[in-house]
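In: show me how the following folds:
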Amino acid sequence: MTPFKYHLDKLEPGRVKVPRAIHRGGWLLAFGALLSACAQPMLNSERIERQFSSYGVEVLESSGSQRMTNLYSLDGERKICRTLALVIFEDSSNVAITAEHQQVTAGGSIGAVFKKNGWTIIKINLHMGPVTVTARAGLVTRLMDLPLPTELAMHVYRFQLRRGDERVNYAIITEIHHPDYLSIERLESLYGAFPSESLSGPALAAIETEVRRTLLR
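Out: Model (predicted):
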């Protein structure tokens, strides 16, 4: 897999979106609950297992700078991809996460590894929206068992870690979801209120190009 890095210097600072409907006298309580929810999102592994009664992770490609994974559930003996993910490592050489990163590169599920080791996981939205998958995307056809062309939900976010005084921007993750798992409407309802940053046009175009080259080939 050819190394690829997003131009994060082109990101524009965003802000936490706070729901308008706040009960009288409860603003601080509601805002605190929102921040807590943002800091501890349900992991894909947890949600897939809850929804489909099984979960597994398969590393399709891996290098020192990135990896591509198939997060799947079982239908009998068949693996059905529920999330196809491209992970671009940002600060994986940070000594604070050496042990965890070794577990990840050995094939561990990223969220599960860090949650098990006491890290708070924060997903910072960079982009959510539909992506058109053409009939040429043989990888998606094979892994998700879907007729193509179709539109799938795509989510791009920064995977940030916090533990004590440590702050680590671990990776930029792009996920494409099976429609039986997460539609674009469901994705937005789950993550729409999370912290966000805006991508510039060129940065988003670079991500879409890399997604076409890897996940949608």
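In: so what's the closest residue to Leu139 other than its chain neighbours up against?
Out: Leaving aside its chain neighbours, Leu139 sits nearest to Arg217 (5.8 Å; criterion: CB to CB, 6 or more residues apart in numbering). C-beta here means a position set from N, CA and C on the backbone, and glycine is covered the same way. Applying CB atoms under 8 Å, 6 or more residues apart in numbering to Arg217 gives the contacts Ala137, Gly138, Leu139.
In: ok, and the most crowded of those residues?
Out: Within the contacts of Arg217, most neighbours by other CB atoms under 10 Å means Ala137, with 23 neighbours.
In: pretty sure it contacts Thr214?
Out: No - counting by CB atoms under 8 Å, Ala137 does not reach Thr214; the two are 10.9 Å apart.
In: could you pull out the strands in this protein for me?
Out: 56-62, 66-75, 78-89, 120-133, 150-163, 166-177 (DSSP state E).
In: mind checking the pLDDT average for the fourth one?
Out: Pointing back at strand 120-133 there. Averaging pLDDT along strand 120-133 yields 95.
In: surely Gly107 meets Leu60?
Out: No - using CB under 8 Å as the test, Gly107 is too far from Leu60 to be in contact (11.1 Å).
In: do you know how far Phe89 is from Thr105?
Out: Distance, Phe89 to Thr105, using CB to CB, to the nearest Å: 9 Å.
In: now do Val140
Out: 25 Å.
In: looking at those two, which has the bigger crowd around it?
Out: Using other CB under 10 Å as the criterion, Val140 and Thr105 rank with Val140 on top: 23 against 15.
In: OK, contacts around the more buried one?
Out: Counting by CB under 8 Å, 6+ apart, Val140 has contacts Cys81, Leu84, Val133, Leu146, Leu148, Leu152, Ile176, Leu215, Leu216.
In: the third one and Leu152 touch, don't they?
Out: So the one you mean is Val133. Yes - using CB under 8 Å, Val133 is in contact with Leu152, at 5.6 Å.
In: okay, the two: which has more neighbours?
Out: Leu152 (25 against 22).
In: re the thing from before, can you flag the buried ones in the contacts of Val140?
Out: Cys81, Leu84, Val133, Leu146, Leu148, Leu152, Ile176, Leu215, Leu216 (16 or more other CB atoms under 10 Å).
In: which single one of those residues is nearest to Tyr55?
Out: Minimum distance to Tyr55 across these is 11.7 Å, recorded for Cys81 (CB to CB).
In: nearest residue to that closest one other than its sequence neighbours?
Out: Leaving aside its chain neighbours, Cys81 sits nearest to Leu143 (3.7 Å; criterion: CB to CB, 6+ apart).
In: how near is that neighbour to Lys123?
Out: From Leu143 over to Lys123 the distance is 23 Å, taken as CB to CB.
In: what does Thr209 give?
Out: Separation of Thr209 from Lys123 (CB to CB): 23 Å.
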